[in-house]
Each structure stands twice: as structure tokens, then as C-alpha cells.
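Participant: Below are the sequence and a predicted model for it; my questions follow.
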Amino acid sequence: MLTLAVRAHVALLLLADALASRVTRLRDERGQATAEYALVLLGAASIALLVAMWARNTNRIGRLLDAVFNQLGSLVR
């Protein structure tokens, strides 16, 4: 009877230890998705800033919009 109680106690301790380590691992990775999302947003913002600086210096966006509006104007007439 005592042997069965000891085995049950050891099994419960092992189960508690396994659950505690699982919870610790989950808790450690909790902010991972948020950090990855922030890095992706930072990268996208950097690329957008570079494109905006390039477009401002080359005036290509203005020429593109002029071409689009001229085409639309010719279709309306």
C-alpha cells in the first residue's frame, strides 16, 4: 500500500513539473508574435520612407499623376 502511494506521489510530482515547464515555455514565447509584427511594420515603414524620398527627388510621382489626369481628361472629352 505504501509503495503505491509513493509511486502515485512521484507521478504527480513529475506531472506537476512537466506542466510547470510547459507553462514557463509558453510564457517565454508570449510576446514573440508582437515583436515580429513590430519588426515587419518597421521594415515596411523604412521602405516606404525610402520610396517617398526617391519620388520627391525625381519628381516621377508628379509626372505619373499628370499623365493619368491627362489620359482621364482625354477620355472625358
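Facilitator: Yep, that arrived.
Participant: Now do the helices in this structure.
Facilitator: All helices of the chain, identified by DSSP state H, fall at 2-28, 32-58, 60-76.
Participant: any idea of the mean pLDDT in the first one?
Facilitator: Predicted confidence along helix 2-28 averages 74 (mean pLDDT).
Participant: ok, so what distance separates residue 4 from residue 13?
Facilitator: From residue 4 across to residue 13, the span is 15 Å (C-beta to C-beta, to the nearest Å). From N, CA and C alone the C-beta is placed, and that goes for glycine too.
Participant: And for residue 39?
Facilitator: For residue 39, the distance to residue 13 - C-beta to C-beta - is 41 Å.
Participant: same deal with residue 75?
Facilitator: 79 Å.
Participant: neighbour-wise, which of these two wins?
Facilitator: residue 13 (10 against 7; other C-beta atoms under 10 Å).
Participant: The more buried one and residue 7: what is the separation?
Facilitator: 11 Å.
Participant: Could you do residue 59 as well?
Facilitator: Applying C-beta to C-beta, the value for residue 59 to residue 7 is 81 Å.
Participant: cool, residue 70 as well?
Facilitator: From residue 70 across to residue 7, the span is 86 Å (C-beta to C-beta).
Participant: for residue 54, same thing?
Facilitator: For residue 54, the distance to residue 7 equals 71 Å [C-beta to C-beta].
Participant: got it, and residue 21?
Facilitator: 21 Å.
Participant: With residue 68 instead?
Facilitator: 79 Å.
Participant: try residue 36
Facilitator: Distance from residue 36 to residue 7, counting by C-beta to C-beta: 44 Å.
Participant: What of residue 33?
Facilitator: Look at residue 33 and residue 7: by C-beta to C-beta, they are 41 Å apart.
Participant: what's the answer for residue 71, then?
Facilitator: To residue 7, residue 71 is 83 Å away according to C-beta to C-beta.
Participant: Over to residue 38?
Facilitator: 49 Å.
Participant: Equivalent analysis for residue 60, please.
Facilitator: Noted for residue 60: a distance of 77 Å to residue 7, by C-beta to C-beta.
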